[in-house]
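>>> The following comprises the amino acid sequence and a computationally predicted model.
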Amino acid sequence: MNTRPVITLTTDFGVADGYVGTMKGVILDIAPHAQLVDITHEITPQNVRQTAYVLYTAIPFFPSHAVHLVVVDPGVGSARRPIAVRSAHGTFVGPDNGVFSYVIAGVPFAEPSVEAVVELAHPRYRLPRVSHTFHGRDIFAPAAAHLAAGVPIDQLGPAVPDPVTLPLPRLEVGPKVVRGEVLHADHFGNVITSIGLLLWQGDELSLEPIFQGRGGQKARFAAGRALVVARGREIPRVHRTYADVKPGQPLALVGSEGHLEIAVREGSGADRLGLRPGDPVELHW
Amino acid sequence: MNTRPVITLTTDFGVADGYVGTMKGVILDIAPHAQLVDITHEITPQNVRQTAYVLYTAIPFFPSHAVHLVVVDPGVGSARRPIAVRSAHGTFVGPDNGVFSYVIAGVPFAEPSVEAVVELAHPRYRLPRVSHTFHGRDIFAPAAAHLAAGVPIDQLGPAVPDPVTLPLPRLEVGPKVVRGEVLHADHFGNVITSIGLLLWQGDELSLEPIFQGRGGQKARFAAGRALVVARGREIPRVHRTYADVKPGQPLALVGSEGHLEIAVREGSGADRLGLRPGDPVELHW
Amino acid sequence: MNTRPVITLTTDFGVADGYVGTMKGVILDIAPHAQLVDITHEITPQNVRQTAYVLYTAIPFFPSHAVHLVVVDPGVGSARRPIAVRSAHGTFVGPDNGVFSYVIAGVPFAEPSVEAVVELAHPRYRLPRVSHTFHGRDIFAPAAAHLAAGVPIDQLGPAVPDPVTLPLPRLEVGPKVVRGEVLHADHFGNVITSIGLLLWQGDELSLEPIFQGRGGQKARFAAGRALVVARGREIPRVHRTYADVKPGQPLALVGSEGHLEIAVREGSGADRLGLRPGDPVELHW
């Protein structure tokens, strides 16, 4: 038995309507053996930047033959192009609005790995009738299914030389400080920042600045002497895990993606500290 | 490798409890190769009409060999019958309370296509112990699994000549007006009405009234001259897509199912205009 | 075609972030043919007791070859052990914090059936880099996948002689009364209590006290003469199903797991009666 093709789905559709189920019906009609995996359908409606972040955290853990279907699409029905992107780390299908920015920039992978970007133009790989408002069903799902079933990417349409990319999040490394921003607050209220990748080396942390590309300035400092500043609040040192402090206490730590995270043990860091995506965060040492 | 059987699930169980997972355990014990697809588990509790609508939008996109398990069942434990329905477009399993009304009426398919309706009476295709309160687990899930595994529908129980059906939504076509009602407000706040199917023909729209059966009166009019009236508010013309207006602006458009939809670009039409299921909507031209 | 391995997932991660999807990517990279089933990801954050309850209701309906991955883990990164448990009814993977208490106690199965408990210590069955904060991805998901792919449990690490267990819920059987507690309020607001298993025998109910082990005192009484008391409110008799009373009326009944349940037909028993987990409930006859 060969490996079953994997197709992941990431949308802002929620799960109350039948939209996600409908896309899965379209996929299984074309690629009956696909293994379908939901990444999330609870992206804040039309939040392209959050989508790019979620893909950044999840994609590296999937097999490289997976096809990632992404429908967060404020411009549906406008002139924005539907695209597919093939990289060494997976194949991506969705609107050309920046959702694949971090993938195309080679983040979080070792280096840029994009092999092809095409516009989903060929009618053979769309549904017979394409609506103006639900390209997830009519264009993106069929394209993902055909790619998973083995259709070569260049059959889906012409090459796109200039896909849209978002600016990378703020990350400035100074002599004894890093300035970054809040990327995301998760379900637990843990606040993830752009300050990363942080790697433990004994009791020290080394910073390999991921959002500056490979030319970024590195740093190394003692975790016990660090000071995190966010919204005027000072949080001393960087911990290893939530259990290092008492329940209810705020702390800074290295999160599961290697980014500086601000949290409250068994509580919500986002609520307690009032932090939102885009807010500046500093790490001093 | 043969095609794997597809079983979809639609319930009002939510996803906080283990009920949906439990049903899937029952299914996989009987039909280990089934491909399981959630349509939604967030139907408003016991809302039969919303269920009929969601099935109406999703089912046509699934392969016709799929089995659709539906558990929205305010009468569980009462005398209402558990049934299975086989049609040219799929097989359906659930309570006989109207959830399959639009399927049985042949909507949204070209014509009525029901081939068999049976009561799920045979104990062999139930769990050994049937509770009074969770027929989803004890009767419907096993029936869906056995059907997906190839058991002929007439083995599950006797024919049901008179399944329960809901009245179809309001749709009255006059000389220069169509009167309909709100069917549903989706996750984005887009308000879907019973006025459909609307098809673009150049800059004109043709109306093929789907909820009147095949004898319904057709119409054709210029989209640019149309006027939508809902809750005393007038919305001029019918657009092709959200991106035709500025962010925050209300608009009328043809939704992805071919129905008249009232929306606000990058906002909620339902909240802004205060529209709820059952509210009257008129389209003048 | 052999039976595909089944892996279920139960977490408190919610579905808004990509965490669950990330774990599934890890699993499919190791066990590409796994059938993945979500039990729930909406456990109240870090609620170990609720997790034990949900597993109690769902697990008996899965095939015994299934692997159950459970990540509700307030102590992630602390000294609490990651474990796997093999029983006659399934294999379990998660933190050693009591989530498997009812499984290890042999509840709801006929008798204790644990065959092996091991600590997930062997680095070969973890991801190469283990974070301090996301053991679901780095330790538990790989272990579940390797177990589903056929690795013997004793290869994952040393035996654990003393896994953590929670005290069982309150259940005291007197001559004409049973005293228990609220276990859970579900999505519909149905309040499930520790008073069970109740089995119908004609118009009488027999009580086989499940949370006292096999030495518990049995009882038998007429359902029509029973009286349920909770928060000072008296609810007469025990019914078979919701449809036995009028919409909006409170009632006591035997729920789908065989436990005494307090509900309001087409309403929320939890809201109406103000009942919460741990509240005392009495059944008199």
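Here it is on my side, so go on.
>>> List the beta-bridge partners for residue A:40.
residue A:10 (DSSP bridges).
>>> pLDDT score for it?
pLDDT for residue A:40: 97.
>>> How about the residue in the stretch 1-150 of chain A that chain B sits nearest to, nearest residue that isn't a chain neighbour?
Using Cβ to the nearest Cβ, the closest approach of the stretch 1-150 of chain A to chain B is made by residue A:77 at 2.6 Å. For every residue, glycine as well, the C-beta is placed using N, CA and C. Nearest residue to residue A:77, sequence neighbours excluded (Cβ to Cβ, 6 or more residues apart in numbering or on different chains): residue B:241, at 2.6 Å.
>>> Also residue A:165?
Using Cβ to Cβ, 6+ apart, the nearest residue to residue A:165 is residue A:101, at 4.5 Å.
>>> Repeat that for residue A:234.
Nearest to residue A:234 is residue A:227, by Cβ to Cβ, 6+ apart, at 5.9 Å.
>>> which residues touch the one you found?
Contacts of residue A:227 were listed using Cβ atoms under 8 Å, 6 or more residues apart in numbering or on different chains, and they are A:234, A:235, A:236, A:237, A:283, A:284, A:285.
>>> and it, what are its bridge partners?
residue A:236, residue A:284.
>>> now the helices: where do they sit in chain A?
A:19-30, A:48-58, A:101-104, A:135, A:141-148, A:269-273 (DSSP state H).
>>> returning to what we had before: distance of the residue nearest to residue A:165 from residue A:55?
Distance, residue A:101 to residue A:55, by Cβ to Cβ, to the nearest Å: 9 Å.
>>> give me the number of residues near the nearest residue to residue A:261 once chain neighbours are set aside?
Excluding its sequence neighbours, the residue lying closest to residue A:261 (Cβ to Cβ, 6+ apart) is residue A:255, at 3.6 Å. Close neighbours of residue A:255, defined as other Cβ atoms under 10 Å in any protein chain shown, add up to 23.
>>> Could you check how many residues crowd around the residue lying closest to residue A:282 once chain neighbours are set aside?
Spatial nearest neighbour of residue A:282, chain neighbours left out: residue A:229 (4.4 Å); criterion: Cβ to Cβ, 6+ apart. As a burial measure, residue A:229 scores 15 neighbours (other Cβ under 10 Å).
>>> Now do the contacts for residue A:229.
Counted by Cβ under 8 Å, 6+ apart, residue A:229 has contacts A:235, A:281, A:282, A:283, A:284.
>>> Could I have the buried ones of those residues as ChimeraX selection syntax?
A single ChimeraX command suffices to select whichever of the contacts of residue A:229 are buried according to 16 or more other Cβ atoms under 10 Å in any protein chain shown:
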select /A:235,281,282,283
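>>> Quick one: the contacts of residue A:229 as CSV, columns for pLDDT too.
Formatted as CSV, those follow (pLDDT from 0 to 100):
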residue, pLDDT
A:235, 96
A:281, 97
A:282, 97
A:283, 97
A:284, 97
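>>> Run the chain-centre distance for the helix or strand bottoming out on mean pLDDT in chain A.
Ranked by mean pLDDT, DSSP states H and E, the weakest helix or strand in chain A is helix A:101-104, scoring a mean of 82. The chain centre lies 9 Å from the centre of helix A:101-104; the measure is Cα atoms, centre = their mean, to the nearest Å.
>>> and it, what other elements does it pack with?
Judged by 3 or more Cβ pairs under 8 Å, 6 or more residues apart in numbering or on different chains; DSSP states H and E, helix A:101-104 is in contact with helix A:48-58, strand A:82-87, strand A:114-119.
>>> try 10 Å
When contacts are defined as 3 or more Cβ pairs under 10 Å, 6 or more residues apart in numbering or on different chains; DSSP states H and E, helix A:101-104 sits against helix A:48-58, strand A:82-87, strand A:90-95, strand A:114-119.
>>> ok, the third one near chain B or not?
By that I understand strand A:90-95. No: Strand A:90-95 lies out of reach of chain B by Cβ under 10 Å from any Cβ of the partner chain, never closer than 11.6 Å.
>>> Sheet-wise, list the partners of that strand with their directions.
strand A:67-71 (parallel), strand A:82-87 (antiparallel).
>>> Return the mean pLDDT over that strand, rounded to an integer.
Over the span of strand A:90-95, the pLDDT mean works out to 96.
>>> Span of stretch A:126-139 from start to end?
5 Å (Cα to Cα, to the nearest Å).
>>> And that stretch, how far out from the chain middle?
On Cα atoms, centre = their mean, the centre of stretch A:126-139 falls 25 Å from that of its chain.
>>> quick one: average pLDDT of it?
Across stretch A:126-139, pLDDT averages out at 94.
>>> ok, the residue in chain A that chain C sits nearest to - contacts?
Closest contact between chain A and chain C, by Cβ to the nearest Cβ, is at residue A:241 (2.6 Å). Residues near residue A:241 by Cβ atoms under 10 Å, 6 or more residues apart in numbering or on different chains: A:251, A:253-254, A:263, A:265, C:75-78, C:131-133, C:135.
>>> How about residue A:95?
A:48, A:51, A:70-76, A:78, A:80-83, A:120, A:135-136, A:139-140, A:164.
>>> Now the buried members of the residues you listed.
A:48, A:51, A:70-76, A:78, A:80-83, A:120, A:135-136, A:139-140, A:164.
>>> is it true that residue A:251 touches residue A:266?
No: between residue A:251 and residue A:266 there is no contact under Cβ atoms under 10 Å: 11.4 Å.
>>> Quickly list what's touching both of those two.
Common neighbours of residue A:251 and residue A:266 (Cβ under 10 Å, 6+ apart) are A:242, A:245.
>>> neighbour-wise, which of these two wins?
Neighbour count, other Cβ under 10 Å: between residue A:251 and residue A:266, residue A:251 has more, with 22 against 16.
>>> For the more buried one, give me the pLDDT.
pLDDT, read off for residue A:251, is 95.
>>> Enumerate every residue touching it.
Going by Cβ under 10 Å, 6+ apart, residue A:251 touches A:228, A:235-242, A:244-245, A:261-265, A:269.
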